[in-house]
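J.: could you look at this predicted model? Sequence included:
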Amino acid sequence: MARKIPLRVCTGCGESKPKKELIRILRTPEDEVVADATGKKNGRGAYICCSADCLHKAKRSRALERSLKVEIPEQLLDTLEKELVSLESAVKKSI
């Protein structure tokens, strides 16, 4: 019997993909917004593809803010974008 692969929806493009292909953006109980590479930290999470394009789409439509139920400052989104770009390059190297 094959194992079930958990799917999550990207807040940027809206596509359902396997959980391991997406990056979890997390709102901690202290209302901080961080990228959760492990996917195991406590807090409310939203998933996004490993591409800057999806982050831009989520930023424009405010989908990330709606999913996390918190207002995200512009400088934090820029920091998240830098983290995403570094994670994106790390993922591409491992493939």
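T.: Everything's here; your move. Numbering: from 1, shown residues only.
J.: find me the pLDDT at residue 21, would you?
T.: pLDDT recorded at residue 21 is 87.
J.: repeat that for residue 62.
T.: Residue 62 is assigned 91 on the pLDDT scale.
J.: what sits against it?
T.: By Cβ atoms under 8 Å, 6 or more residues apart in numbering, the contact list for residue 62 is empty. Heads up, the C-betas are built off the backbone N, CA and C, glycines and all.
J.: how long is stretch 57-66 end to end?
T.: End-to-end span of stretch 57-66 (Cα to Cα, to the nearest Å): 13 Å.
J.: and the lowest mean pLDDT element among the helices and strands of the protein?
T.: Lowest on mean pLDDT, DSSP states H and E among the helices and strands of the chain sits helix 74-94, with a mean of 76.
J.: what are the buried residues along that one?
T.: 77, 80, 83-84, 88 (16 or more other Cβ atoms under 10 Å).
J.: closest one to residue 9 out of those residues, please.
T.: residue 84 (17.1 Å; Cβ to Cβ).
J.: now that closest one. Nearest residue, chain neighbours left out?
T.: The shortest distance from residue 84 to any residue other than its chain neighbours is 5.6 Å, reached at residue 55 (Cβ to Cβ, 6 or more residues apart in numbering).
J.: now do that neighbour, the pLDDT please.
T.: pLDDT, residue 55: 86.
J.: am I right that it is in a helix?
T.: Yes - assigned with DSSP: H, G, I helix; E, B strand; the rest coil, residue 55 falls within a helix.
J.: so where do the strands sit in the protein?
T.: In the chain, the strands defined using DSSP state E lie at 7-9, 16-18, 22-27, 33-36, 44-49.
J.: with respect to residue 61, which of those strands lies nearest?
T.: Nearest to residue 61, of all those, is strand 44-49, at 12.2 Å by Cβ to Cβ.
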